[in-house]
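> Any chance you can model this:
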Amino acid sequence: MTTHQIFSANSNNLSMIADKSINLIVTSPPYPMVEMWDEIFSEQNPDIGAALESGNGNDAFRMMHEILNQVWEECDRVLKNNGFICINIGDATRTVRDNFQLYSNHTKIINKFLEMDYCVLPDIHWRKKSNAPNKFMGSGMYPAGAYVTYEHEYILIFRKGGKRVFEGEDKKLRQKSAFFWEERNIWFSDLWEIKGTSQILNKKKASRDRSASYPFEIPYRLINMYSAENDIVLDPFTGLGTTNIASMVSNRNSIGIDIDRKIADLALENMNTDIKDLNNIIRHRIEKHLDFIETLSDEKKAKCYFNIPHGFYVKTKQETAIEIEQISDIIKNDNKYICQYEKYRLSEY
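Numbers count the residues shown, from 1 in each chain. Now for the predicted structure:
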């Protein structure tokens, strides 16, 4: 059983969450110096709006990150020792008073976590290729006036302290939560090519036009990479609840926070997803694994191991205890969902 909650609050105060109670944080915050977030930053510090009005982009940039830093400090308080923080962030390019420049958001965040004595782990580039013919910025074909077009964002990965140690029952849960060999080879690459998701919101229900949500595949991978079954996952900028839904499918508990009440309500609504749709994600994952095994030569198949819970072959001994469960029931109670699980049987694929 897992629980999934959504709160409407400013994540600079996570008083509803106990110290060192969270195993993993997966989030995508508002991007400083991206225009759609100017208002939400300025509401928290009017000096930001004044700086932008006066053309002082660097001061506005600094103050926006001071707001995010308060959230990172609260995340540090609630995160367990040896826990992970995964942050999807894009750098910003912007013209302020006719001066075009890059505002390096990922650098600011890395520096903050270094200041908090976190281990900075290798990051991932999420490639969001655009085929638009007018995507290039600057003076066209003339030299010394054009600018490189950004088609990637960063997924920054930080660890609080040393490696997590699994003992007793936790060790069994870690083995049960293992990922497939072929997934490891894709997920732990430093380049992810994943299509973006629609960001258009229902204007009758939302307080802004765009959600800036990342696609489901990003938190789904990160949750499976950096947590074990029954862990608690936090998203302090939950938006439409994508991290929460990925946690539901992955048999993890989750907490989502959003400063915007209407967006938080939409997140709760989105989490009321048809069980069949959620279980199709699990089915697709296993089907991909079975397809991979079928591509192996007879010689390589003969060297495979046998996964006992599901009765199929796997590439390595570490995969033999993988046990993937499907959702059997979802119960809604105010701002909380409770998920029940059952074993996913091969005969049901």
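> So what's the gap between stretch 75-89 and the chain middle?
Distance, stretch centre to chain centre, for stretch 75-89: 12 Å (C-alpha atoms, centre = their mean, to the nearest Å).
> oh, I was asking about stretch 26-38
Chain-centre distance of stretch 26-38: 14 Å, with C-alpha atoms, centre = their mean.
> Just the mean pLDDT for it, thanks.
Averaged across stretch 26-38, pLDDT comes to 96.
> residues making contact with that stretch?
If you take C-beta atoms under 8 Å, 6 or more residues apart in numbering as the criterion, stretch 26-38 is touched by 40-41, 48-49, 52, 57, 60-61, 64-65, 68, 71, 85-90, 92, 94, 103, 105, 108, 208, 210, 212-214, 219, 222-223, 233-239, 243, 246. From N, CA and C alone the C-beta is placed, and that goes for glycine too.
> Endpoints of that stretch, how far apart?
Using C-alpha to C-alpha, to the nearest Å, one end of stretch 26-38 lies 23 Å from the other.
> my guess is A321 meets Q175, correct?
Yes: A321 is within contact range of Q175, at 4.0 Å (criterion: C-beta atoms under 8 Å).
> before we move on, the earlier item: by neighbour count, sort out the buried ones in the contacts of stretch 26-38.
40-41, 48-49, 52, 57, 60-61, 64-65, 68, 71, 85-90, 92, 94, 103, 105, 108, 212-214, 219, 222-223, 233-239, 243, 246 (16 or more other C-beta atoms under 10 Å).
> Just list the residues touching E183, thanks.
With contact set as C-beta under 8 Å, 6+ apart, E183 has these partners: N224, H289.
> Residues contacting the longest strand along the chain, please?
Criterion DSSP state E: the longest strand present in the chain is strand 79-89. By C-beta under 8 Å, 6+ apart, the residues outside strand 79-89 that reach it are 20-29, 31, 72, 75, 105-106, 109, 113, 118, 126, 153-165, 214, 218, 222, 226-227, 234.
> which of these are buried?
Members of the contacts of strand 79-89 classed as buried by 16+ other C-beta under 10 Å are 22-29, 31, 72, 75, 105-106, 109, 113, 118, 126, 153-160, 164, 214, 218, 222, 226-227, 234.
> For N251, see how far away I186 is.
21 Å (C-beta to C-beta, to the nearest Å).
> of these two, who's got more company?
Using other C-beta atoms under 10 Å, the more surrounded residue of I186 and N251 is N251, with 25 against 11.
> Need the per-residue pLDDT for that one.
97.
> quick one, strands of the stretch 1-150 of the chain?
Secondary structure of the stretch 1-150 of the chain (DSSP state E, counting those that start in this stretch): strands located at 2-8, 22-27, 79-89, 92-96, 99-103, 119-127.
> Of all those strands, which one is nearest D258?
Proximity to D258 (C-beta to C-beta) singles out strand 2-8 among the strands of the stretch 1-150 of the chain, at 6.1 Å.
> for the closest one, packing partners?
Judged by 3 or more C-beta pairs under 8 Å, 6 or more residues apart in numbering; DSSP states H and E, strand 2-8 is in contact with helix 242-249, strand 253-258, helix 261-271, strand 336-343.
> Now tabulate those in JSON lines and tack on distance to S11.
Shown next, in JSON lines, are the helices and strands packed on strand 2-8 (distance: least, C-beta to C-beta, whole Å):
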{"stretch": "helix 242-249", "distance to S11": "13"}
{"stretch": "strand 253-258", "distance to S11": "5"}
{"stretch": "helix 261-271", "distance to S11": "12"}
{"stretch": "strand 336-343", "distance to S11": "18"}
